[in-house]
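K.L.:
starting from these lines, generate the structure:
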Amino acid sequence: MKMCNAEILKKIKLLEQSKSDVLSKENRTHQVTYQEEKDRYDYGYSFSLTRETVCGLDAEIRKLRHLLNISNATTAVPEFEMTLGECLVYLAQLNNELGIVSRMAKKETTTTNTTYGGKVEYTALNYSKEECQAKADWLQNTIAQLQIAIDRTNLTNMIDAE
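P.N.:
Numbers count the residues shown, from 1 in each chain. Model prediction:
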C-alpha cells in the first residue's frame, strides 16, 4: 500500500496515541488496593498481553519512522535544491535565526540608565535596525515558502508502506 509522507506522519501519531492509551490503562489497572479479599476488584489486566501490545505498536512505529527517514534523506524539494531532511533542518535554523533577529529589531536605538552614583549611562546599537528588520522580513517570507514546499512534498511523495 502506498502512502504519502503526511499519511505516514498521521499514522505514526495515531499509533503513538494508541501506545499512550495502553500505557495509561496499564498504569490504572496493573495493581489493586483492597482491605478484604471480597472487595478485591479484577481489572482484567494482563502483563504479557499489555507488553505484547506495546511491542507490536513500537514495531509498527519503528517501521514507519524508518520509511519516513529514508524518504526524508532521499526526496528532493526542488524549490530549495535540498532533500526533505535538509529542508527540515534548514527550517529549524531559520526559525532560530528569526527569533534572534526579531528580538534585535525590537530594541531601541539608544537607551539611557542612571547609575547608583547618579551618572547617566548610554547604550547604543551597533547595527542598523532597518537592515535587521529587512532580514527578519526575509526570514519570515523564506520560512513560509519553505513550509509550503515541505507540506507539498509531504503530500505528494508516495512511499510503499507494506
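K.L.:
neighbours of Asp39, just the number please.
P.N.:
Applying other Cβ atoms under 10 Å, we find 9 residues neighbouring Asp39. Using the backbone N, CA and C atoms, a C-beta is placed for each residue, glycine as well.
K.L.:
do the same with Thr153
P.N.:
For Thr153, the count of nearby residues is 23 (other Cβ under 10 Å).
K.L.:
could you say which helix or strand contains it?
P.N.:
According to DSSP states H and E, Thr153 maps onto helix 129-156.
K.L.:
which elements pack onto that helix?
P.N.:
In this structure, helix 129-156 makes packing contacts with strand 2-4, helix 5-29, strand 76-77, helix 84-105, judged by 3 or more Cβ pairs under 8 Å, 6 or more residues apart in numbering; DSSP states H and E.
K.L.:
next structured bit after that helix?
P.N.:
Next helix or strand after helix 129-156 toward the C-terminus (DSSP H and E): strand 158-160.
K.L.:
re the thing from before, between the helices and strands packed on helix 129-156, which gets nearest to His66?
P.N.:
helix 5-29 (10.4 Å; Cβ to Cβ).
K.L.:
so what does that closest one touch, helix or strand wise?
P.N.:
In terms of contacts (3+ Cβ pairs under 8 Å, 6+ apart), helix 5-29 is packed against helix 47-74, helix 129-156.
K.L.:
try 10 Å this time
P.N.:
With contacts taken as 3 or more Cβ pairs under 10 Å, 6 or more residues apart in numbering; DSSP states H and E, helix 5-29 sits against strand 2-4, helix 47-74, helix 129-156, strand 158-160.
K.L.:
returning to that earlier point: now the helices and strands packed on helix 129-156 as a markdown table including distance to Gln35, mean pLDDT and mean neighbour count?
P.N.:
Converted to a markdown table, the helices and strands packed on helix 129-156 look like this (distance: least, Cβ to Cβ, whole Å; pLDDT from 0 to 100; neighbours: other Cβ atoms under 10 Å):
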| stretch | distance to Gln35 | mean pLDDT | mean neighbour count |
| --- | --- | --- | --- |
| strand 2-4 | 52 | 94 | 15 |
| helix 5-29 | 19 | 97 | 14 |
| strand 76-77 | 63 | 96 | 18 |
| helix 84-105 | 55 | 98 | 15 |
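K.L.:
which helix or which strand is home to Glu121?
P.N.:
strand 120-124.
K.L.:
ok, residues contacting that strand?
P.N.:
The contact list for strand 120-124, computed with Cβ atoms under 10 Å, 6 or more residues apart in numbering, reads Lys107, Glu108, Thr109, Thr110, Thr111, Thr112, Asn113, Thr114, Thr115.
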